[in-house]
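*Asks:* attaching a predicted model along with its sequence, questions to come.
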Amino acid sequence: QKEVEQDPGPLSVPEGAIVSLNCTYSNSAFQYFMWYRQYSRKGPELLMYTYSSGNKEDGRFTAQVDKSSKYISLFIRDSQPSDSATYLCAMSAISSGSARQLTFGSGTQLTVLP
Amino acid sequence: DTEVTQTPKHLVMGMTNKKSLKCEQHMGHRAMYWYKQKAKKPPELMFVYSYEKLSINESVPSRFSPECPNSSLLNLHLHALQPEDSALYLCASSRGLDTGELFFGEGSRLTVL
């Protein structure tokens, strides 16, 4: 079983739809949770960073973490064609001084149709 | 300035060539990373430098040789690569050791013939 499982997609939605992207994890040591957006042939861009259960909102994006269920989500409201990209969840554990390593999900490819 | 700059953007090399990938950040970050990403796969960690010292080497073959000349620069020296090493090579940096907020460059797309 992989440490991080991400809904594989691909996902295709009409413009203006609400998008839900999801990851589950098995490692209870994960305490930090991130969502990255990666456009084709570009590097990943950090979208959201959270370390506690609950919701964190930034514009049209909301990151949700449920540590008891080991489940994280990213919601995109009023989706736009420019949101079309691959979305990667990533998580890391608390480390005792060494550089923190990220464990990535496999990515969900999203297409928002105009 | 929140950029991680990578050069070159594209590189084609033969199996006997020696080349280098370069990465630069001016955010004052103290940890820098090399990742390898194959098509439709997530990034895979190769190396981590913390305070200019190599702290993690994820069992990467010796044909990849990292170097951190100073806190702003990170190089990846390539020698005797194989066609299966063709991939997008991503550099990233983070503020320190206690955060997972990595900032990635746009990558160097490497093709080994």
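*Replies:* All right, it came through fine.

*Asks:* residues of chain B that sit close to chain A?
*Replies:* Residues of chain B lying close to chain A by Cβ under 8 Å from any Cβ of the partner chain are B:4, B:6, B:31, B:33, B:40-43, B:45, B:48, B:50, B:55-56, B:88, B:90, B:92, B:94, B:97-107, B:109. No exception for glycine: its C-beta is placed from N, CA and C like everyone else's.

*Asks:* go again with 6 Å.
*Replies:* Residues of chain B lying near chain A by Cβ under 6 Å from any Cβ of the partner chain: B:31, B:42, B:48, B:50, B:55, B:90, B:97, B:100-101, B:104-107.

*Asks:* which residues of chain B fall in helices?
*Replies:* Counting by DSSP state H, one finds no helices in chain B.

*Asks:* coming back round to it: need the worst-confidence member of the residues of chain B next to chain A.
*Replies:* Of all these, B:L97 has the smallest pLDDT value, namely 67.

*Asks:* of the residues of chain B next to chain A, select the buried ones using a PyMOL command.
*Replies:* Of the residues of chain B next to chain A, the buried ones can be selected in PyMOL as follows, counting by 16 or more other Cβ atoms under 10 Å in any protein chain shown:
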select buried, chain B and resi 31+42+48+50+90+97+100+101+104+105+106+107
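
*Asks:* in chain B, where is pLDDT below threshold?
*Replies:* B:1-2, B:97-99 (pLDDT under 70).

*Asks:* please enumerate the strands of it.
*Replies:* Taking DSSP state E as the test, the strands found in chain B are B:4-7, B:10-13, B:18-25, B:31-37, B:44-50, B:53-57, B:64-70, B:73-79, B:87-94, B:103-104, B:108-112.

*Asks:* can I get those strands in JSON lines with distance to A:R77?
*Replies:* Listed next are the strands of chain B as JSON lines, based on distance: least, Cβ to Cβ, whole Å:
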{"stretch": "strand B:4-7", "distance to A:R77": "29"}
{"stretch": "strand B:10-13", "distance to A:R77": "36"}
{"stretch": "strand B:18-25", "distance to A:R77": "32"}
{"stretch": "strand B:31-37", "distance to A:R77": "29"}
{"stretch": "strand B:44-50", "distance to A:R77": "32"}
{"stretch": "strand B:53-57", "distance to A:R77": "38"}
{"stretch": "strand B:64-70", "distance to A:R77": "41"}
{"stretch": "strand B:73-79", "distance to A:R77": "37"}
{"stretch": "strand B:87-94", "distance to A:R77": "28"}
{"stretch": "strand B:103-104", "distance to A:R77": "25"}
{"stretch": "strand B:108-112", "distance to A:R77": "33"}
